[in-house]
Structure formats: structure tokens, C-alpha cells
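A.B. asks: Structure of the sequence below:
(chains A, B and C)
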Amino acid sequence: MFMDFFWAFVVGGAICVIGQILLDVFKLTPAHVMSSFVVAGAVLDGFNVYDKLIEFAGAGATVPITSFGHSLLHGAMTQAEEHGFIGVAVGIFQLTSAGIASAILFGFIVALIFKPKG
Amino acid sequence: MITKENYKNDIKNYQPKPKLLKNCIKAFVVGGLICLIGQGLTVFYTEVFGFSEKAAGNPVVTTLILLSALLTGFGVYDKIGQFAGAGSAVPVTGFANSITSAALEHKSEGLVLGVASNMFKLAGSVIVFGTVSAYIVGMIRYLIEQFL
Amino acid sequence: MKIGKQSWQFNQGVYVQAAGTVTGPREKQGPLGEFYDYSFDELHCNEKNWESAERALLQKSIDICLGKTNIRQDAIDLFISGDLLNQNVSSNYVARDIPSPFLCVFGACSTSMETVAIGSSLIDSGNCKNVIASTSSHYSTAERQFRYPTEYGGQKPDTATATVTGAGTLLLNNEPSDIQVEGATIGKVIDYGVTDPLDLGSAMAPAAADTIVQHMKDFGRKPEDYDLILTGDLSSVGSPIVKKMTEQSGYDMEGIHRDCGLMVYHTNQQVFAGGSGCACSAVVSYGYILQQLKENNLKKVLIVATGALLSPTLVQQKETIPCIAHGVVLQRTDV
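C.D. replies: Numbers count the residues shown, from 1 in each chain, chains lettered A, B, ... in the order given. The predicted structure is shown next:
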């Protein structure tokens, strides 16, 4: 269990360091970095690499935004196996819906309650 | 000598050196800590509520998003972000912060045209690129699996 | 009267009658906090959104300025104002409640000296008697228009600046007072190809250097003729560049130059390279510098307000950032 935590910390931190290098050295905007990361997550999952990383690092691989790309593809592939081509479209948001729905809901509620602090 | 033709190079010595190492260490520690919290939540949901490790993913992500939205509302997440850079932007909490901060900022223009219309101003690119790339990769993989 | 290539000398006598400076809480905690007439203790300035907060600052600075004299509001021949927001909304909307003819200008952060130069010229020519020149900026309205939502956790580099929350107003006319507007130099738009909207000090330094050098040439002066040459918001990045560039042209400002962006905050206030925004040069000049002139600690000052004329849309279209700087000479009437 301790090793699970250790690798979650190290792998999650390392992914963030890659992001920091993209920001500082390559002067990308945060939006460009995030977009690149989801694409990278989807592509890595296309080669079945991301699942291995999750097995190894747990939350270190599921918490960074790269896992969003991985989940999108995973959902799409699961449905594609059942329904063929159309399954890609049917399943694409299947695994990510909890994340997107809660982000929308909590974002909306917070906007209702709070005031920007500046 | 500072010249117009070569201005960007001529002024290099006057610009503060980017603290790459320091920024990377801060990103590593904060990003690692957020993932560590995620790991802790995974254990919590599997041990206490009996989720399988895979099924625990959803409540873990939801909890992190809730925390991030609240910290954004209290005006704390932008300060964490200034300190940690990519460390707080890359985890899913950064995604939630980009949605919540945009929604909150545009509250003054009303719920429909302000909050709702602007919510995905920053996070939209992540969803668009994620969906398009997953779609393309998914199609390719499906074709390969079917015909090879 | 035109003097040299880009400058005006006001021979008929244009005088500063009163000033009003208003800031937010962070500026109050800065080194010049005691010199501002009024400071709100929170960023919202008791208003419901950021844009109305900025208008409250501007309105307050005008009220305070006029309150210091016995000139009635309907005796104002012209109100000149500008700010950073799209359609100059702060100025235009505040002007609804001002019963004077109104000219709105946009010069980004150079607006303060642009309004003073225009107003002085109109008084000098006899077209106006009493003119109020105002400008305002607000940290949060600028963040949300030019950058990201205020609660967004993006990391800013050390070259970034913090927009000053505040507003400044100057009342000018032709009746002799302690301080006079002696001349002005109108800047050209200068673009040295900087594209980074988070490094405006580097972008604006060439514009400031161009205006300062032109000013010296037009008036046949040297930097030593001034007690102080003050730039608007070049920050810790742009200040050494402008010094180097004027020195290259034969005008060494060592020991004479200061920058409002470096004076308005303490270095430990987490403001990156310094302060910026229309109000940066306005509150420092109309608050602190005028006081120093009145107390005879300074006799003759050249204030060069610097503006980066960028738009977020054009930055995303990969355009470079054009910049401008306008200079105004304030001096004690008895020199």
C-alpha cells in the first residue's frame, strides 16, 4: 500500500513536471498544455500503454488530465466492440460523464453562491 | 547595444531568468500531492464503501472536482496555481478550476449568457481535443481490429 | 506652440489647480499609500461587479478633485478621460453624470498623460478654460478582459505586471497656481516585435525611449535639466532597457529616472515585475509627484506614461504589440 502511494505521488508529479516544462520552456499557454495532454492520453491508450501506467501508478495516472483522453477512448472502444462503428460515438463520453457532469454542476453551484474575489 | 532589428536578443540580459528548476520542483510536489490525495480517496472508497478499484475512479474524480470548485469559490485555487503552475493545472482539479473560475467570473452577466455560456471558455478546448482525438484513435483501432 | 518635431510648449500658462487620486486596498498598503486622497478597503469598492467598481473609482476621483476647489461642475469646459476597457466603458458611462462636453481617448496606460497633454493644449490655445483630465484602471476588469478569469489558477511569469486599481483626476486651467504644465511631447506608435502579452515592460521600453529622446531634442534639453524623469509602467524589466536605450542615443538618465510601476507597490506584495495600468502613472503622478512639487522637493519633472496598445484577439492572431508613450512636463511655477 505504501508503494501505491509512493508511485502515485512520483508519477503524478512527473506528469505535472512535463506540463511545467511545456509552459516554461516551450511557452505554451495552459490551454495548449491541457489540450496536448488529453490528446497524448488518448493516443497512449490507443497503444494500450495508459492502462499499464494506471495499473502501476493508480491515482498518479488517473488524476492528471491525460486520463481524460484515456477514458474517452476507453468508453468509445467498449461500445465499439458491441455496436461497431457507431459505438465509437455512443461510448465516447461513457466513462467521463461523471467527471464532466460534476464539473458542470459544482461549477454552476459555486458560481451561484460565491462572488469572485479578484 | 539595443537595436530594433535584433531587439528580442538584445534585451535577453535584462529579462529575469526563468526559474525552471524551482518551478518544476513546485509543480512536482503539488501535482504529486494532489495525486496522493486521489490515491487516498481511492483507498477510502474501496475500503469503506466497497468499490472495486476501477469503479472507485468516478467518486474519486467527483470528490476532487468538488474540492477544487470550492477552493476556487473561496479564492484559494488561483493562489495555489500561481505557486504550483502545472502542478495544479494538469490534475483534474485544474480542469474543474478552469470551469468554475470562468462561470464565477461571468456571473455578473447573468446565469444564461454569463455563467452558462462562458463556463467552457477555458475548458472547452480540452473536451474538444479529447473527443476529436479519441474519436480518430478509436476509429483507427476499430478498423485495425476488424480487418487485420 | 509647436516646438521641434513632436512637442508642444504651453506659453500662455497652463496650471494644475487640483488633483484627486483614489485607489484600491493593495495600493494603499504600498509605499505611497499616504499620498492618495481615498482608498477603498476592498476590490469591489462596495459595488456589485468589477466594471461598476472601476466606475466608482473614477467617479470618486473626479468628486474629490472638484471638491478641493471652488470651481463648480458646470464651469468645466471639457472632461477628457479614458481607460483600458472595451469601448472605454468606465469613462463613457461616468461621463453620463458629468454636465460637460466630453472627449474620450484611448492610449492604454499612456492615457493619463495623453489627457493632460490634450487638455493643456486646449487651455493654451484658449479653446477651454477649465478642463478635467481623468483615467482609471482596475485589477479585476483588466484581468478578465485581457487575461483570464480572476479565480483561474494560471501561473504568471516574473515579467508580468499587476494592474493598479485606482483612478486619478487633474483639474487644469489658466489661473496661476504652484504647479504649471510646461510642455508635452506626443509619442509615435512604436513596435519592436514583442509578442508576449505577459512581458509588456520589454514591449513598451522602446516607445518610452523614443518619446524621451524626441522630447530632449525638441526642447534642446538634457536629462539633467529635470529633477526626475518618470516613466509610467515599464516595471523592473522595462526600466533598465529604457535607460540603456536613451543612453545609446546620448541621453544618460542614470540617477534621474524612476518608474511609477516600481514605486506603487512594495516588492513583497507579489506584484511580479511591478504595477501597470492607466491608474499606475495617474495615482503616482497626481498623488505623490504633485505633492513633492508643492513641497519644493522637486522642481521640474518629465512624466512619460507608457501604453501597450494590445488586444487579446490580435495577440492570438500572432500580431506583435504596438506601444506608445506620451510625455508631459510639470514644474513649479517659480522656476
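A.B. asks: Just the mean pLDDT for the biggest helix by length in chain A, thanks.
C.D. replies: Taking DSSP state H as the criterion, chain A has its longest helix at helix A:2-24. Here helix A:2-24 scores 95 as its mean pLDDT.
A.B. asks: Tell me if that helix is near chain C.
C.D. replies: Yes: using Cβ under 8 Å from any Cβ of the partner chain, helix A:2-24 comes into contact with chain C via A:L23. Quick note: C-beta positions are derived from backbone N, CA and C, even for glycine.
A.B. asks: buried sites along that helix?
C.D. replies: A:4-5, A:7-24 (16 or more other Cβ atoms under 10 Å in any protein chain shown).
A.B. asks: helices or strands up against it?
C.D. replies: Using 3 or more Cβ pairs under 8 Å, 6 or more residues apart in numbering or on different chains; DSSP states H and E as the contact test, the elements touching helix A:2-24 are helix A:30-46, helix A:49-57, helix A:59-62, helix B:20-49, helix B:86-89.
A.B. asks: Would you mind giving both backbone torsions of the residue lying closest to B:S108 once chain neighbours are set aside?
C.D. replies: Leaving out its chain neighbours, the residue that sits closest to B:S108 by Cβ to Cβ, 6 or more residues apart in numbering or on different chains is C:N49, at 3.7 Å. Per-residue torsions, C:N49: phi -140, psi 170 (degrees, to the nearest 10).
A.B. asks: Only the C-alpha atoms, please, for the longest strand belonging to chain C, written as CSV.
C.D. replies: Identified as the longest strand of chain C according to DSSP state E is strand C:7-23. Output of strand C:7-23 as CSV, limited to C-alpha atoms (Å, rounded to 0.1, in the frame of the first residue of the first chain):
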residue,chain,number,x,y,z
SER,C,7,6.3,68.7,-28.9
TRP,C,8,4.1,71.5,-27.7
GLN,C,9,5.2,74.3,-25.4
PHE,C,10,2.4,76.0,-23.4
ASN,C,11,3.4,79.7,-23.4
GLN,C,12,0.2,81.1,-22.2
GLY,C,13,0.3,79.3,-18.9
VAL,C,14,-1.5,76.1,-18.0
TYR,C,15,-1.8,75.4,-14.3
VAL,C,16,-2.7,72.4,-12.1
GLN,C,17,-5.5,73.5,-9.8
ALA,C,18,-6.3,70.3,-8.0
ALA,C,19,-5.9,66.6,-8.2
GLY,C,20,-8.0,63.6,-7.0
THR,C,21,-6.5,60.2,-6.5
VAL,C,22,-8.4,57.0,-5.5
THR,C,23,-7.0,53.5,-5.1
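A.B. asks: after that strand comes which helix or strand?
C.D. replies: helix C:25-28 (DSSP states H and E).
A.B. asks: who touches the helix or strand bottoming out on mean pLDDT in chain A?
C.D. replies: In chain A, the helix or strand scored least confidently by mean pLDDT, DSSP states H and E is helix A:85-91, which has a mean of 88. With contact meaning Cβ atoms under 8 Å, 6 or more residues apart in numbering or on different chains, helix A:85-91 is reached by A:G75, A:A76, A:M77, A:T78, A:Q79, A:A80, A:E81, A:H83, B:Y135, B:G138, B:M139, B:Y142.
A.B. asks: Could you check how many residues crowd around C:K2?
C.D. replies: Number of residues near C:K2 (other Cβ atoms under 10 Å in any protein chain shown) recorded here: 9.
A.B. asks: who's the residue nearest to it when sequence neighbours are not counted bridged to?
C.D. replies: Leaving aside its sequence neighbours, C:K2 sits nearest to C:W8 (Cβ to Cβ, 6+ apart; 6.2 Å). Beta-bridge partners for C:W8, by DSSP bridges, are C:K2, C:A184.
A.B. asks: check contacts around C:W8.
C.D. replies: C:M1, C:K2, C:A117, C:S120, C:S121, C:D124, C:G183, C:A184, C:T185, C:I186.
A.B. asks: Roughly how far does it sit from chain A?
C.D. replies: 39 Å (Cβ to the nearest Cβ, to the nearest Å).
A.B. asks: tell me the contacts of C:S110?
C.D. replies: Contacts of C:S110 by Cβ under 8 Å, 6+ apart are C:G187, C:G232, C:S281, C:A305, C:T306, C:G307, C:I324, C:A325, C:H326.
A.B. asks: Same list (these) but as TSV, adding pLDDT, neighbour count and secondary structure.
C.D. replies: Below are the contacts of C:S110 laid out as TSV (pLDDT from 0 to 100; neighbours: other Cβ atoms under 10 Å in any protein chain shown; DSSP: H, G, I helix; E, B strand; the rest coil):
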residue	pLDDT	neighbour count	secondary structure
C:G187	97	27	coil
C:G232	94	33	coil
C:S281	96	35	helix
C:A305	97	35	strand
C:T306	96	37	strand
C:G307	96	32	strand
C:I324	97	25	strand
C:A325	97	34	strand
C:H326	97	30	strand
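A.B. asks: Turn the residues you listed into TSV, including distance to chain B.
C.D. replies: Shown next, in TSV, are those (distance: Cβ to the nearest Cβ, whole Å):
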residue	distance to chain B
C:G187	16
C:G232	18
C:S281	21
C:A305	21
C:T306	15
C:G307	18
C:I324	16
C:A325	16
C:H326	20
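A.B. asks: of the residues you listed, closest to C:R144?
C.D. replies: When these are ranked by distance to C:R144 (Cβ to Cβ), C:G307 comes first, at 19.4 Å.
A.B. asks: Excluding sequence neighbours, find me the nearest residue to C:I241.
C.D. replies: C:A205 (3.9 Å).
A.B. asks: who's in contact with the residue of chain A found nearest chain C?
C.D. replies: Of all residues in chain A, A:G118 sits closest to chain C, at 4.2 Å by Cβ to the nearest Cβ. By Cβ under 8 Å, 6+ apart, the residues touching A:G118 are B:G75, C:L43, C:H44, C:W50, C:Y139, C:S140, C:E143, C:T150.
A.B. asks: again, 10 Å this time
C.D. replies: Shown in contact with A:G118 (Cβ atoms under 10 Å, 6 or more residues apart in numbering or on different chains): B:75, B:78, B:105, C:24, C:26, C:42-44, C:50, C:53, C:138-141, C:143-144, C:150-151, C:165.
A.B. asks: Buried subset of the residues you listed, written for ChimeraX?
C.D. replies: Buried subset of the contacts of A:G118, written as a ChimeraX selection, criterion 16+ other Cβ under 10 Å:
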select /B:75,78,105 /C:24,26,43,44,50,53,138,139,140,141,143,144,150,151,165
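A.B. asks: Show me the contacts of A:G118 that map onto helices.
C.D. replies: Per DSSP H, the contacts of A:G118 map to helices at B:D78, B:E105, C:R26, C:W50, C:A53, C:Y139, C:S140, C:T141, C:E143, C:R144.
A.B. asks: Need phi/psi at the closest residue to the second one other than its chain neighbours.
C.D. replies: By that I understand B:E105. Once flanking residues are discounted, B:E105 sits nearest to C:P149: 3.5 Å by Cβ to Cβ, 6+ apart. Dihedral angles of C:P149 (phi, psi; degrees, to the nearest 10) stand at phi -50, psi 150.
A.B. asks: thought C:P149 was touching B:T72?
C.D. replies: Yes: taking contacts as Cβ atoms under 10 Å, C:P149 lies within contact range of B:T72: 9.2 Å.
A.B. asks: Those two: which has the busier surroundings?
C.D. replies: B:T72 (34 against 25).
A.B. asks: so what does the one helix or strand that one maps to touch, helix or strand wise?
C.D. replies: Element membership for B:T72 (DSSP H and E) is helix B:57-73. Packed against helix B:57-73 by the contact rule (3 or more Cβ pairs under 10 Å, 6 or more residues apart in numbering or on different chains; DSSP states H and E) you find helix A:59-62, helix A:66-83, helix A:97-113, helix B:20-49, helix B:77-84, helix B:92-105.
A.B. asks: Contacts only, for B:K26.
C.D. replies: Listed by Cβ under 10 Å, 6+ apart, the contact set of B:K26 reads A:C16, A:V17, A:Q20, B:K19, B:F83, B:A84, B:G85, B:A86, B:G87, B:S88, C:Q155.
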